[in-house]
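Novice: A predicted structure for the sequence below; I have some questions about it.
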Amino acid sequence: MAATATTSSATGARSIGGERLKETLVGYGFIAGPMLVYGLLFFYPIAYSIYISRYDWGALGKISSRGSGNYRDLLHDHRFGLAVKNGLKFTIGFAVFSMALGLFVAVVVNNAVRARTFFRSAYYFPSIASSAAITAIALFVLSADGIFNKLTGLHHAWFGESGTALWAIVGLNSWTTSGTVMLFYLAYLQAIPTEVYEAAAIDGAGAWRTFWKVTFPLLKPGHFFVSTLLVIGGLKMFDQAFIASGGSGGPNNSTLVPVLYLYRVAFYDVRFGYAAAIGLALMLLMFTLTLIQRLTFGRAEAA
Amino acid sequence: MAGGDVPTEKGFVPPAEAPLVPPSPPAVEELAFAGEAAAGVLAGIPGRTGVERTRTIVVYTLLGAIALVYFVPFLWTISTSLKSLPETEQFNLLPHHPTLHAYHDVLTTFHFLRYAANSAGLAATVTVLNVFLCSLGGYAFARLRFPGREVLFMAVLATLMIPDQLRLVPIFVKFSQWHLLGHYHAYVLIKLASAAQLFLMRQYFLTIPRDLEEAAKLDGAGYFKTFWKVMLPLAGPAIAAVAILEFEGTWNDFFWPLIIFTTAPSHFTLPVGIFSFVTTYQTQWPQLMAGSAIAIAPIAVIYLFFQRYFVAGVASAGVKG
């Protein structure tokens, strides 16, 4: 190599250097489009968000400087506290139900010898249907004289009562998201070696026992992955609460989740500075919860 | 869980190694076959045929029951959309006098034809631009060498950590200053390029052997020509996945159209149209169900034909909020 390099002509060396430069320029050219988008619509907005959050900011722009006042207000804002509480309530319910449902469906599908792909595809479908349309359907199905009450003999206006509205959304989102959860769990289930089940069968363990003693613990990486996605997804929930409550977060603030509160502060109260602070606080909350999850699962993994 | 992130010759594998997200699931498609075999092995253990038969009955009964629970709401939607308002008070699944009146009503009187056209136009535009920009960027990150490549790629992945909710206020304020609100191109700009799709394209390009590129280069093809004529045609499965995921995501998107088009009803997309209808005429159930069916049907049809791409892309698509 060295010999070739020394004997090669000066023009050859320059053309290699030129090729390098050309590749570099082409590389920057190819990524320019996406990078511009990410810079302009992701990184710049974050910085700008921090800037806005330090002002009283109305429809026409800056009103007055607030320093860290917006953040201090957050601590005393009982509606923000309520929104976070609702958000956590929703997130826990949503994560638990969609994991339970998704895992159950995954185990059943995994046991099907024939038509497995068909059932897998069918159950995933609610996950890709329009959230607005799905919410409209839920409003109809769960209305006071809807088919759900008719079939179950219950008498609730599910979205109209403050005791049930948030749980109706939990049910709705668990139904649609369980398909996604099922897909992930199926992948993890199929990664479990067959010998494990054979050994359990030889030991005379029944299906129930095998599931709880063998399958469930072996799915731990799956539990972690899925629960992390669901917790973040749950805290970001907006469409369903917004549509079901007509944008109000009602009845009686029962569906006022964090993002809906942010939206209302921004567009109903026209307090963009405060809304920006809420956005940043929410991101912090999401990071913290992810971190806690990672640490807990990480420690359990090490033990 | 190492199996997930290794691309195989079998075809498209989801970008399992989603950045900053915990351990990735193994590739869904691929492992289906292993599972199929496993079930066969279990079924083949002698002396267990009776148990097996019981198990089969239980499994398929459950599968049927789940299907019922999952699809009754959709059937009920279609059924109601074909009824007249008085008939919705009866609980018959098959309408006595099926009518397309609600569809006609919602498409014309309630402007859903316009909304559907807006949705389709925006979804198609966003899809084409995303496929182009993300494959171009993905190819550069996978194949070209330039200073700062790794750092820039980390920056791309970092955008996945930024929730839309955080961008809401700054983007709204800026777009309002730039007089972009209420315009189609404002929405297109927001959805122009996504990090998940770029990542997906990059992972796929990494699996394509270099020989073909080298050959093209020896033939004197330039970088763009090599990308356009040689690499892009080879990336068919990844492009299909990106296109389908992007189309679905944009078609179903409620959040950004709501923000951008609130003051411009003629620009409403179907999801925003549904919301607007709900707040105004909530109990006109046949029309609302017809509108919902119109919003769901195109995705259902695409899903029917291209379901494996949806499944392949699920890892990058994440969880519906």
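Specialist: Looks like it arrived, so ask away. Residues are numbered from 1 along each chain as shown, chains lettered A, B, ... in the order given.
Novice: Which residue comes closest to B:A67 once chain neighbours are left out?
Specialist: A:A122 (6.1 Å; C-beta to C-beta, 6 or more residues apart in numbering or on different chains). No exception for glycine: its C-beta is placed from N, CA and C like everyone else's.
Novice: what about the one you found, how many neighbours?
Specialist: A:A122 has 18 neighbours, counted by other C-beta atoms under 10 Å in any protein chain shown.
Novice: Touching, it and B:Y70? I think so.
Specialist: Yes - with contact defined as C-beta atoms under 8 Å, A:A122 reaches B:Y70; the gap is 7.2 Å.
Novice: so where's the chain shaky on pLDDT?
Specialist: All of this is about chain A. Residues of chain A meeting the criterion pLDDT under 70: A:1-16, A:298-303.
Novice: wait, I meant chain B there
Specialist: Using pLDDT under 70, chain B drops low at B:1-48, B:313-321.
Novice: do that again at 50, thanks
Specialist: B:1-24, B:27-45, B:316-321 (pLDDT under 50).
Novice: Which residue would you name as the spatial centre of it?
Specialist: B:L245 (3.1 Å; C-alpha atoms, centre = their mean).
Novice: Return the set of buried residues in the helix or strand hosting that one.
Specialist: B:L245 belongs to helix B:236-252 when assigned by DSSP states H and E. For helix B:236-252, a neighbour-count test (16 or more other C-beta atoms under 10 Å in any protein chain shown) marks B:238-252 as buried.
Novice: again, but for stretch A:280-298
Specialist: Within stretch A:280-298, the residues scored as buried using 16+ other C-beta under 10 Å are A:L280, A:A281, A:L282, A:M283, A:M286, A:L289, A:T290, A:Q293, A:F297.
Novice: Please apply the same query to stretch B:195-208.
Specialist: For stretch B:195-208, the buried set under the neighbour-count rule, 16+ other C-beta under 10 Å, comprises B:195-205, B:207-208.
Novice: So it, near chain A or not?
Specialist: Yes - Stretch B:195-208 lies within reach of chain A by C-beta under 8 Å from any C-beta of the partner chain, at B:A195, B:L198.
Novice: Only C-alpha atoms, please: export that stretch in PDB.
Specialist: Listed next in PDB are the C-alpha coordinates belonging to stretch B:195-208 (Å, rounded to 0.1, in the frame of the first residue of the first chain):
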ATOM      1  CA  ALA B 195     -36.500  10.500  12.100                       C
ATOM      2  CA  ALA B 196     -38.100   7.100  12.400                       C
ATOM      3  CA  GLN B 197     -38.500   6.700   8.700                       C
ATOM      4  CA  LEU B 198     -35.000   7.900   8.000                       C
ATOM      5  CA  PHE B 199     -33.700   5.400  10.500                       C
ATOM      6  CA  LEU B 200     -35.700   2.700   8.800                       C
ATOM      7  CA  MET B 201     -34.300   3.500   5.400                       C
ATOM      8  CA  ARG B 202     -30.700   3.700   6.700                       C
ATOM      9  CA  GLN B 203     -31.000   0.300   8.300                       C
ATOM     10  CA  TYR B 204     -32.300  -1.200   5.100                       C
ATOM     11  CA  PHE B 205     -29.500   0.400   3.000                       C
ATOM     12  CA  LEU B 206     -27.000  -1.100   5.300                       C
ATOM     13  CA  THR B 207     -28.100  -4.500   4.300                       C
ATOM     14  CA  ILE B 208     -27.700  -4.000   0.600                       C
END
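Novice: Would you state the strands of chain A in chain order?
Specialist: Taking DSSP state E to define them, one finds strands in chain A at A:55-58, A:61-65.
Novice: Please identify the most buried of the ones you listed.
Specialist: Among these, strand A:55-58 has the highest mean neighbour count (mean count of other C-beta atoms under 10 Å in any protein chain shown), at a mean of 18.
Novice: Walk me through which strands that one pairs with, and which way each runs.
Specialist: Strand A:55-58 pairs in its sheet with strand A:61-65 (antiparallel), by DSSP bridges.
Novice: residues touching B:L218, list them.
Specialist: Applying C-beta atoms under 8 Å, 6 or more residues apart in numbering or on different chains, we find B:L218 in contact with no residue.
Novice: hang on, the earlier thing: and the buried residues of stretch B:195-208, which of them are in helices?
Specialist: Secondary structure from DSSP state H places B:A195, B:A196, B:Q197, B:L198, B:F199, B:L200, B:M201, B:R202, B:Q203, B:Y204, B:F205, B:T207 of the buried residues of stretch B:195-208 in helices.
Novice: nearest to A:N252, of those?
Specialist: Each of those was scored against A:N252 by C-beta to C-beta, and B:A196 proved nearest at 37.7 Å.
Novice: I'd assumed B:T159 was in contact with the closest one.
Specialist: No - B:A196 lies out of contact with B:T159 (C-beta under 8 Å); the separation is 9.2 Å.
Novice: picking that back up, wait, which of the buried residues of stretch B:195-208 is closest to chain A?
Specialist: Set against chain A, the nearest of the buried residues of stretch B:195-208 by C-beta to the nearest C-beta is B:L198 (5.7 Å).
Novice: Hmm, that closest one is touching B:A155, no?
Specialist: No - counting by C-beta under 8 Å, B:L198 stays clear of B:A155, with 11.3 Å between them.
Novice: Overlap of the contact sets of these two?
Specialist: Joint contacts of B:L198 and B:A155 (C-beta under 8 Å, 6+ apart) do not exist.
Novice: ok, how many other residues are close to the closest residue to chain B within the stretch 201-303 of chain A?
Specialist: Chain B sits closest to A:G233 of the stretch 201-303 of chain A, with a gap of 3.6 Å, by C-beta to the nearest C-beta. Applying other C-beta under 10 Å, we find 20 other residues in the vicinity of A:G233.
Novice: so it touches A:T177, yeah?
Specialist: Yes - using C-beta under 8 Å, A:G233 makes contact with A:T177 at a distance of 7.2 Å.
Novice: if I pick B:T279, what's in contact with it?
Specialist: Contact analysis of B:T279 by C-beta under 8 Å, 6+ apart lists A:G246, A:G247.
Novice: could you redo the last one with a cut-off of 10 Å?
Specialist: A:I243, A:S245, A:G246, A:G247, A:S248 (C-beta atoms under 10 Å, 6 or more residues apart in numbering or on different chains).
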